[in-house]
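Student: here is a sequence with its predicted model. Questions after.
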Amino acid sequence: MKEREIILAKSKRSVNLVQRPIRRFAPIFILPTFLAFVIGFVWPFLQGIYLSFCSFNTPKDAKWVGFSNYVKAFQDPGFANAFWNTAAFAVVSIILINVVAFFIAFALTQKMRGANLFRTVFFMPNLIGGVVLGYIWSMIFDGILKNYGTYLTANGTYGFWGLVILVAWQQIGYMMIIYIAGLQAISEDMLEAARMDGATGRQTLFQVIIPNVMPSITTCTFLTLTNSFKMFDQNMALTGGLPSVIQDGAKVNITELLALNIYSTYNINKSWHGVAQSKAVIFFILVAVLAISQQAATRRKEVQQ
């Protein structure tokens, strides 16, 4: 017992010797990053919240107007239309991207020939910028629809599904990589035990594989959810929000998502800068609540498994 106590005392002393300089010099390394975070994120974020209650052209000439910007934001039919567009787009893209990415990952982990080549090919669209993708796919869609006497921005349904196809094509490969990592982490002993117990392929998939891939599902669902709500460059390049209609005396862009609506509102004129900022604050709260709720829901299933 005495020898064990001596060994433990020596190990604690060694740990303290290592940790002491780390604790002493940690602030020197943390402070620059913390200052950069405050200057680059915290201060602009707080200033943005303040400006959402102001009428301004530049932050220096901001004048307090209270909640009038928020009232205008909620009364704007274009903002409501963009919200429902974004909600529908998020639901469709989350399901489509994650289901397709999972089954592609599942297929590529079955020891098939050329799996590494296919992984590379599927991942490559994620390396292309959103604006470039938008213009490329707009030419592709218009070339196809030209044969039917129409074009992409002539119909809101065409624009919506065109955006879904573009984003799915871009993001499926990225989510596939995450699912492959999750599938490869499953113990082979567990799969072998399922086979020995007589489990069918479907039972193994739904009772063993999917429960053990829940951490990857949590990550991919979070990424697709936030990416869907933050979608801007692809929306601007592919349809620009078109076609447009007049609703309640205001111009409404049928295929406009929330991020593009905020951008468009800011560019109306300087009297709408505060309204655009209030929309941005609402947008932040919405995305934060949805992301936190999704994380809580899916992580709870991880614990259950």
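Tutor: Done, it's in.
Student: where do the strands sit along this structure?
Tutor: 54-55, 63-64, 244-247, 250-253 (DSSP state E).
Student: any chance of those in CSV, plus distance to residue 219 and mean neighbour count?
Tutor: C-beta: built from backbone N, CA, C; applies to glycine. Output for the strands of the chain, formatted as CSV (distance: least, C-beta to C-beta, whole Å; neighbours: other C-beta atoms under 10 Å):
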stretch, distance to residue 219, mean neighbour count
strand 54-55, 38, 18
strand 63-64, 42, 10
strand 244-247, 37, 12
strand 250-253, 32, 18
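Student: could I get these as CSV with mean pLDDT and distance to residue 231?
Tutor: Shown next, in CSV, are the strands of the chain (pLDDT from 0 to 100; distance: least, C-beta to C-beta, whole Å):
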stretch, mean pLDDT, distance to residue 231
strand 54-55, 94, 28
strand 63-64, 94, 32
strand 244-247, 88, 19
strand 250-253, 87, 14
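Student: closest one to residue 141 among those strands?
Tutor: Closest approach to residue 141 among the strands of the chain (C-beta to C-beta): strand 250-253, 17.6 Å.
Student: would you list the strands of the chain in a markdown table and tack on distance to residue 278?
Tutor: Shown next, in a markdown table, are the strands of the chain (distance: least, C-beta to C-beta, whole Å):
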| stretch | distance to residue 278 |
| --- | --- |
| strand 54-55 | 10 |
| strand 63-64 | 13 |
| strand 244-247 | 20 |
| strand 250-253 | 16 |
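Student: wait, which of these is closest to residue 116?
Tutor: Of the strands of the chain, the one closest to residue 116 (C-beta to C-beta) turns out to be strand 250-253, at 42.8 Å.
Student: so what touches the closest one?
Tutor: Residues outside strand 250-253 that contact it (C-beta atoms under 8 Å, 6 or more residues apart in numbering): 76-78, 81-82, 240-246, 260-261, 264.
Student: using neighbour counts, trim those to the buried set.
Tutor: Among these, those scoring as buried are 76, 78, 81, 82, 240, 241, 242, 243, 244, 260, 261, 264 (criterion: 16 or more other C-beta atoms under 10 Å).
Student: which one of the strands of the chain lies closest to residue 213?
Tutor: Of all the strands of the chain, strand 250-253 comes closest under C-beta to C-beta, at 38.5 Å.
Student: what pairs with the closest one, parallel or antiparallel?
Tutor: Taking DSSP bridges as the criterion, strand 250-253 pairs within the sheet with strand 244-247 (antiparallel).
Student: hmm, back to that, and which of the contacts of strand 250-253 is nearest to residue 200?
Tutor: Using C-beta to C-beta, residue 82 is the member of the contacts of strand 250-253 that lies nearest residue 200, at 45.6 Å.
Student: so that closest one is in contact with residue 263, correct?
Tutor: No: if you go by C-beta atoms under 8 Å, residue 82 and residue 263 don't touch, sitting 10.7 Å apart.
Student: contact partners for the residue lying closest to residue 142 once chain neighbours are set aside?
Tutor: Distances taken as C-beta to C-beta, 6 or more residues apart in numbering put residue 151 closest to residue 142, at 5.0 Å, once the chain neighbours are dropped. Listed by C-beta under 8 Å, 6+ apart, the contact set of residue 151 reads 141, 142, 145.
Student: all good on my end, thank you.
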